[in-house]
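J.: Test case, fold it:
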Amino acid sequence: MEFQEAKDKFIQAWGTLGTDWGVNRTMAQIHALLLISPESLCAEDIMEELKISRGNANMNIRALMSWGLVKKELRPGERKEFFFAEKNMMEVVKKIVSQRKKKELEPMLQALEEVSNSQGESEEAKEFSKVVRDIHLFSQKANSTLDTLIESDANWLIGSFFKTMK
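T.: Alright, predicted model coming up:
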(Lines give C-alpha, C1' and ligand atoms only; values in the text may rest on other atoms or scores of the structure.)
Protein backbone atom coordinates (compact mmCIF):
# COMPACT_ATOMS: atom_id res chain seq x y z
CA MET A 1 0.00 0.00 0.00
CA GLU A 2 1.36 3.41 -0.94
CA PHE A 3 1.85 6.01 1.79
CA GLN A 4 -0.96 8.35 0.64
CA GLU A 5 -3.42 5.48 0.42
CA ALA A 6 -2.43 4.26 3.90
CA LYS A 7 -2.67 7.81 5.29
CA ASP A 8 -6.14 8.32 3.79
CA LYS A 9 -7.31 4.96 5.08
CA PHE A 10 -6.04 5.73 8.60
CA ILE A 11 -7.76 9.13 8.63
CA GLN A 12 -11.04 7.58 7.46
CA ALA A 13 -10.82 4.75 10.00
CA TRP A 14 -10.01 7.16 12.87
CA GLY A 15 -12.97 9.29 11.77
CA THR A 16 -15.27 6.29 11.96
CA LEU A 17 -13.83 5.31 15.35
CA GLY A 18 -14.39 8.85 16.60
CA THR A 19 -18.13 8.46 16.30
CA ASP A 20 -17.83 5.66 18.88
CA TRP A 21 -16.11 8.13 21.25
CA GLY A 22 -19.00 10.52 20.96
CA VAL A 23 -17.36 12.98 18.55
CA ASN A 24 -18.24 13.75 14.98
CA ARG A 25 -16.37 12.20 12.09
CA THR A 26 -14.69 15.43 10.96
CA MET A 27 -13.40 16.16 14.46
CA ALA A 28 -11.84 12.68 14.61
CA GLN A 29 -10.41 13.03 11.09
CA ILE A 30 -8.72 16.32 12.03
CA HIS A 31 -7.35 14.62 15.12
CA ALA A 32 -6.02 11.74 12.99
CA LEU A 33 -4.37 14.13 10.54
CA LEU A 34 -2.67 16.06 13.35
CA LEU A 35 -1.64 12.81 15.07
CA ILE A 36 0.28 11.60 12.02
CA SER A 37 1.65 14.96 10.90
CA PRO A 38 5.35 15.41 11.73
CA GLU A 39 4.81 19.19 12.05
CA SER A 40 1.98 21.36 13.27
CA LEU A 41 -0.56 22.38 10.63
CA CYS A 42 -2.52 25.57 10.06
CA ALA A 43 -6.27 25.56 9.46
CA GLU A 44 -5.72 26.02 5.72
CA ASP A 45 -3.53 22.90 5.57
CA ILE A 46 -6.21 20.93 7.41
CA MET A 47 -8.97 22.28 5.18
CA GLU A 48 -7.06 21.39 2.04
CA GLU A 49 -6.07 17.91 3.18
CA LEU A 50 -9.54 16.93 4.37
CA LYS A 51 -11.50 19.02 1.87
CA ILE A 52 -13.61 20.74 4.52
CA SER A 53 -14.81 24.31 4.99
CA ARG A 54 -13.07 26.90 7.14
CA GLY A 55 -15.98 26.98 9.57
CA ASN A 56 -16.00 23.21 9.91
CA ALA A 57 -12.23 23.14 10.45
CA ASN A 58 -12.26 25.96 13.01
CA MET A 59 -15.21 24.60 14.98
CA ASN A 60 -13.69 21.11 15.22
CA ILE A 61 -10.17 22.34 16.00
CA ARG A 62 -11.61 24.37 18.90
CA ALA A 63 -13.51 21.31 20.11
CA LEU A 64 -10.32 19.21 19.98
CA MET A 65 -8.53 21.93 21.94
CA SER A 66 -11.28 21.92 24.58
CA TRP A 67 -10.85 18.14 24.91
CA GLY A 68 -7.11 18.73 25.43
CA LEU A 69 -6.22 16.61 22.39
CA VAL A 70 -4.88 19.49 20.27
CA LYS A 71 -2.80 22.52 21.15
CA LYS A 72 -2.08 25.76 19.38
CA GLU A 73 1.39 26.84 18.35
CA LEU A 74 2.32 30.38 17.39
CA ARG A 75 5.35 30.87 15.19
CA PRO A 76 7.36 34.09 15.17
CA GLY A 77 6.66 36.12 12.05
CA GLU A 78 3.53 34.09 11.17
CA ARG A 79 0.02 35.41 11.47
CA LYS A 80 -1.47 31.95 11.16
CA GLU A 81 -2.12 29.68 14.09
CA PHE A 82 -0.69 26.19 13.86
CA PHE A 83 -2.05 23.12 15.61
CA PHE A 84 -0.56 19.86 16.81
CA ALA A 85 -1.98 16.79 18.52
CA GLU A 86 -0.93 15.08 21.72
CA LYS A 87 0.93 12.02 20.44
CA ASN A 88 1.34 10.10 23.70
CA MET A 89 -1.44 7.55 23.31
CA MET A 90 -1.78 7.02 27.06
CA GLU A 91 -2.48 10.75 27.43
CA VAL A 92 -4.89 10.66 24.47
CA VAL A 93 -6.84 7.80 26.06
CA LYS A 94 -6.92 9.59 29.42
CA LYS A 95 -8.24 12.78 27.84
CA ILE A 96 -10.92 10.91 25.88
CA VAL A 97 -11.99 8.92 28.96
CA SER A 98 -12.07 12.12 31.03
CA GLN A 99 -14.31 13.88 28.50
CA ARG A 100 -16.64 10.91 28.07
CA LYS A 101 -16.89 10.59 31.86
CA LYS A 102 -17.76 14.27 32.16
CA LYS A 103 -20.35 14.15 29.36
CA GLU A 104 -21.96 10.81 30.13
CA LEU A 105 -21.23 9.28 33.52
CA GLU A 106 -21.29 12.35 35.74
CA PRO A 107 -24.74 13.51 34.53
CA MET A 108 -26.03 9.97 35.05
CA LEU A 109 -24.67 9.93 38.61
CA GLN A 110 -26.34 13.26 39.29
CA ALA A 111 -29.66 12.02 37.91
CA LEU A 112 -29.40 8.84 39.98
CA GLU A 113 -28.76 10.93 43.12
CA GLU A 114 -31.88 12.95 42.41
CA VAL A 115 -34.20 10.00 41.81
CA SER A 116 -32.80 7.76 44.53
CA ASN A 117 -34.80 9.63 47.17
CA SER A 118 -38.13 8.60 45.70
CA GLN A 119 -40.59 7.20 48.17
CA GLY A 120 -43.43 4.78 47.86
CA GLU A 121 -44.66 1.47 49.19
CA SER A 122 -46.01 -0.07 46.00
CA GLU A 123 -44.29 -3.03 44.39
CA GLU A 124 -43.42 -0.77 41.46
CA ALA A 125 -41.82 1.85 43.75
CA LYS A 126 -39.80 -0.83 45.55
CA GLU A 127 -38.55 -2.28 42.25
CA PHE A 128 -37.68 1.22 41.02
CA SER A 129 -35.65 1.91 44.17
CA LYS A 130 -33.82 -1.42 43.90
CA VAL A 131 -32.89 -0.93 40.24
CA VAL A 132 -31.83 2.69 40.79
CA ARG A 133 -29.70 1.64 43.77
CA ASP A 134 -28.01 -1.12 41.71
CA ILE A 135 -27.34 1.21 38.77
CA HIS A 136 -26.05 3.88 41.13
CA LEU A 137 -23.67 1.43 42.84
CA PHE A 138 -22.35 0.20 39.49
CA SER A 139 -21.98 3.76 38.19
CA GLN A 140 -20.05 4.83 41.28
CA LYS A 141 -17.66 1.89 40.84
CA ALA A 142 -17.22 2.75 37.16
CA ASN A 143 -16.57 6.38 38.09
CA SER A 144 -13.96 5.36 40.66
CA THR A 145 -12.26 2.99 38.20
CA LEU A 146 -12.16 5.68 35.51
CA ASP A 147 -10.71 8.17 38.02
CA THR A 148 -7.96 5.65 38.77
CA LEU A 149 -7.27 5.23 35.05
CA ILE A 150 -7.16 8.98 34.45
CA GLU A 151 -4.77 9.53 37.34
CA SER A 152 -2.58 6.51 36.55
CA ASP A 153 0.63 6.30 34.61
CA ALA A 154 1.24 4.04 31.63
CA ASN A 155 3.20 1.46 33.65
CA TRP A 156 0.28 0.87 36.02
CA LEU A 157 -2.19 0.47 33.16
CA ILE A 158 0.01 -1.91 31.19
CA GLY A 159 0.80 -3.93 34.33
CA SER A 160 -2.88 -4.18 35.21
CA PHE A 161 -3.75 -5.19 31.66
CA PHE A 162 -1.20 -8.00 31.64
CA LYS A 163 -2.37 -9.23 35.06
CA THR A 164 -5.88 -9.64 33.67
CA MET A 165 -4.52 -11.53 30.66
CA LYS A 166 -2.86 -14.24 32.82
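J.: Just the strands from this protein, written as ranges.
T.: Taking DSSP state E as the criterion, the chain contains strands spanning 41-42, 70-74, 81-85.
J.: mind putting these in CSV, mean neighbour count included?
T.: (C-beta placed from N, C-alpha, C; glycine too.) Converted to CSV, the strands of the chain look like this (neighbours: other Cβ atoms under 10 Å):
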stretch, mean neighbour count
strand 41-42, 19
strand 70-74, 14
strand 81-85, 18
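J.: Now do the same contact list for Leu35.
T.: Neighbour list for Leu35: 14, 85, 87 [criterion: Cβ atoms under 8 Å, 6 or more residues apart in numbering].
J.: do that again at 6 Å, thanks
T.: Ala85 (Cβ atoms under 6 Å, 6 or more residues apart in numbering).
J.: Chain neighbours aside, what residue packs nearest to Asp153?
T.: Nearest non-adjacent residue to Asp153, counting by Cβ to Cβ, 6 or more residues apart in numbering: Met90, 7.7 Å away.
J.: picking that back up, tabulate the strands of the chain (JSON lines), appending distance to Glu113 and mean pLDDT.
T.: Output for those, formatted as JSON lines (distance: least, Cβ to Cβ, whole Å; pLDDT from 0 to 100):
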{"stretch": "strand 41-42", "distance to Glu113": "43", "mean pLDDT": "96"}
{"stretch": "strand 70-74", "distance to Glu113": "34", "mean pLDDT": "95"}
{"stretch": "strand 81-85", "distance to Glu113": "36", "mean pLDDT": "96"}
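J.: can you redo these as JSON lines with distance to Gly22?
T.: Putting the strands of the chain into JSON lines (distance: least, Cβ to Cβ, whole Å) gives the following:
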{"stretch": "strand 41-42", "distance to Gly22": "24"}
{"stretch": "strand 70-74", "distance to Gly22": "17"}
{"stretch": "strand 81-85", "distance to Gly22": "18"}
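J.: And Met108, how close does it get to His136?
T.: Distance, Met108 to His136, by Cβ to Cβ, to the nearest Å: 9 Å.
J.: Please say which of these two ends up with more neighbours.
T.: His136 (17 against 14; other Cβ atoms under 10 Å).
J.: so what's the spatially most central residue of the chain closest to, chain neighbours aside?
T.: Geometric centre of the chain, nearest residue: Ile96, 2.5 Å, by Cα atoms, centre = their mean. Of all residues not flanking Ile96 in the chain, Trp21 sits nearest, at 5.6 Å (Cβ to Cβ, 6+ apart).
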